[in-house]
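[1] sequence isn't available, so here's the structure alone:
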Ligand SMILES: O=C(O)[C@H](O)COP(=O)(O)O
Ligand SMILES: [Mn+2]
Ligand SMILES: [Mn+2]
């Protein structure tokens, strides 16, 4: 076994672009990254599209698929692709879950769809929603209600009306004397429903009050809600307040006994808490006031270990042969740390969407609590605290493989605030310097990489010359850095992606990589 510990740093959302305009990576003061790139073996690796199991190379990477690929060394077809295929083959509608959803509400109830209304393809896709509604109608459902979470984070920051117009136009094509679909409620995805890793349960409670109880400010249409809130608050879509659609003062789609509910998001992190609120008999996170007797199903199974939710429509990729499992088999002691916002990324996503360790004895996981604030107000986030704890773990000599995620490039990048994102990237650089020193001190090896881009493009390309630049909040299609510090290695020939990292880690630990994994990036 290797005597040299390997430390892997994921700089979330820090991609590579040679375009300097609006690039919060290139324009940040990052002496450590510059030194690393100038003096250590490094290359650029793919983190989007087919290289991480997404339907096409037009799909930007994201944390789920990125950390899955890093942690398992293979390319699995991911949720976005699996749902496409299941809808295309119609297998999704042959499942017992779909049949139970239809049976529950067919005669006297409504079928509700809660989810992110966009074509971002990170958590959901509007095409999936339309396919489900079409089939609901074909199966004899009479009333459909959509609870629309507004995106502006995986798609342009003020694009909500595009998707609302699209879904309203679709309703016009399917609505008739026997069938009626409409929007019932909604709000910005960072305001209600889509919290993750239990960072902010009140967000989910607010979503419950909006979607289930129909409580909140009333509007005649979602478009009116968006336009009103925009003019009143000036915030971007992800931060728009909650709204309830009502007619004559009465909400058009509260969730009642005898209804069915589908959460049409396929990605798990931000889908688990609301799923627990629907599924749990005993629930203590907030007072649900009323728990309707519904058939609830997720688009996918969101956590295979914890079995969330109880019912789902499409099986997630069955990710096997993960690096963590392999390290445990080889008696390697590992350590994972991040702050709440990305804690699940280095544990649950890293382990193939499983939230359990393979070995309590050999694995330690540490969560630093994230602030609950708009991150442009604290762009350094908890990077210093993560680093304090990680450096201690490195110097303790207790671990052979240590991994961390610094959320800054991504979480601050998603706010669309260019200046704050520069500070976020600089904070990570400052921490990298400390980690380098600790690694050097114990004669370890450091890998610096990222899961996808974000901070590297902070402005949308203007539609025409002379247009004012518009902030870009979403991820990018760019490659990410892959740097090895404190070990003289040669980068191999080839076109590498995130799924080539696991073998590389194994090699640096002087282990034979698992035969299921893509080859190492080093010779
Ligand atoms: O959930 C989010 O915050 C974004 O949709 C994607 O960001 P992530 O993939 O980096 O978590
Ligand atoms: Mn990410
Ligand atoms: Mn992100």
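    In hand now; what should we look at? These numbers come from a predicted model, not from an experiment. Ligands and ions are numbered 1, 2, ... in the order given.
[2] neighbours of residue 315, how many?
    The number of residues packed near residue 315 is 14, by other Cβ atoms under 10 Å. C-beta: built from backbone N, CA, C; applies to glycine.
[3] for it, list the residues it contacts.
    When contacts are counted by Cβ atoms under 8 Å, 6 or more residues apart in numbering, residue 315 touches 82, 300, 301.
[4] residues in contact with the residue of the stretch 201-350 of the chain at minimum distance from ligand 1?
    Closest residue of the stretch 201-350 of the chain to ligand 1, Cβ to the nearest ligand atom: residue 270 (5.6 Å). Residues in contact with residue 270 (Cβ under 8 Å, 6+ apart) are 123, 189, 194, 195, 196.
[5] just checking, the fourth one touches residue 206?
    No - under the criterion of Cβ atoms under 8 Å, residue 195 lies out of contact with residue 206, with a separation of 9.6 Å.
[6] can you pull the domain assignment for this protein?
    6-78+331-508, 80-314 (automatic domain parsing).
[7] wait, which of those domains is closest to ligand 2?
    Nearest to ligand 2 among these is domain 6-78+331-508; the distance by Cβ to the ion comes to 3.1 Å.
[8] let me see the mean pLDDT of the closest one.
    What domain 6-78+331-508 shows for mean pLDDT is 98.
[9] for it, the distance to its chain's centre please.
    14 Å (Cα atoms, centre = their mean, to the nearest Å).
[10] buried residues in the helix or strand where residue 438 lies, which are they?
    In this structure, residue 438 is located in helix 418-441 according to DSSP states H and E. For helix 418-441, burial by neighbour count (16 or more other Cβ atoms under 10 Å) applies to 418, 420-436, 438-439.
[11] now do stretch 41-54
    Going by neighbour count (16+ other Cβ under 10 Å), the buried part of stretch 41-54 is 41, 42, 43, 45, 46, 47, 48, 49, 51, 52, 53, 54.
[12] next: stretch 251-259.
    Buried, per 16+ other Cβ under 10 Å, within stretch 251-259: 251, 252, 253, 254, 255, 256, 259.
[13] run the chain-centre distance for it.
    Mean-position distance between stretch 251-259 and its chain equals 29 Å (Cα atoms, centre = their mean).
[14] what's the first-to-last distance across it?
    15 Å (Cα to Cα, to the nearest Å).
[15] who's in contact with that stretch?
    So stretch 251-259 is contacted by 104-105, 108-112, 145, 147, 182-185, 211-214, 218, 244-246, 261, 292-295 (Cβ under 8 Å, 6+ apart).
[16] where's residue 387, which helix or strand?
    helix 383-396.
[17] now do that helix: which elements does it pack against?
    Contacts defined by 3 or more Cβ pairs under 8 Å, 6 or more residues apart in numbering; DSSP states H and E place helix 383-396 against strand 334-339, strand 363-368, strand 401-406, helix 418-441.
[18] ok and that helix relative to strand 363-368, angle-wise?
    Angle of helix 383-396 versus strand 363-368, following axes from the mean of the first three to the mean of the last three Cα atoms, to 10 degrees, is 150 degrees.
[19] helix 383-396: which residues count as buried?
    Residues of helix 383-396 classed as buried by neighbour count (16+ other Cβ under 10 Å): 383, 386, 387, 389, 390, 391, 393, 394.
[20] could you find the closest non-adjacent residue to the third one?
    Translated: residue 387. Excluding the flanking residues, the one nearest residue 387 by Cβ to Cβ, 6 or more residues apart in numbering is residue 431, at 4.2 Å.
[21] show me which residues of the stretch 201-350 of the chain sit near ligand 1.
    Selection of the stretch 201-350 of the chain residues close to ligand 1 by Cβ under 6 Å from any ligand atom yields residue 270.
[22] just the helices in the stretch 201-350 of the chain please.
    Along the stretch 201-350 of the chain, the segments classed as helices by DSSP state H, counting those that start in this stretch run 201-211, 222-233, 272-279, 323-329, 340-344.
[23] any chance of those helices in TSV, plus mean neighbour count?
    Formatted as TSV, those follow (neighbours: other Cβ atoms under 10 Å):
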stretch	mean neighbour count
helix 201-211	22
helix 222-233	17
helix 272-279	23
helix 323-329	21
helix 340-344	26
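[24] most surrounded residue in the contacts of residue 315?
    Busiest of the contacts of residue 315 [other Cβ under 10 Å] is residue 300, holding 26 neighbours.
[25] which residues touch that one?
    Residue 300 is in contact with 79, 82, 83, 266, 267, 268, 271, 312, 313, 314, 315, 316, counting by Cβ under 8 Å, 6+ apart.
[26] give me the neighbour count for residue 183.
    So residue 183, with other Cβ under 10 Å, has 24 neighbours.
[27] in which helix or strand does it reside?
    Using DSSP H and E, residue 183 falls within strand 180-188.
[28] same for that strand, what does it pack against?
    Applying 3+ Cβ pairs under 8 Å, 6+ apart, one finds that strand 180-188 makes contact with strand 143-150, helix 160-174, helix 201-211, helix 222-233, strand 243-247.
[29] that one pairs with which strands?
    Strand 180-188 has its sheet partners listed here by DSSP bridges as strand 143-150 (parallel), strand 243-247 (antiparallel).
[30] could you check the angle helix 222-233 makes with it?
    Strand 180-188 runs at 20 degrees relative to helix 222-233, counting by the same axes, to 10 degrees.
[31] strand 180-188: how far from the chain's middle?
    Distance, stretch centre to chain centre, for strand 180-188: 23 Å (Cα atoms, centre = their mean).
[32] give me the angle between it and helix 160-174.
    Computed by the same axes, to 10 degrees, the angle between strand 180-188 and helix 160-174 is 170 degrees.
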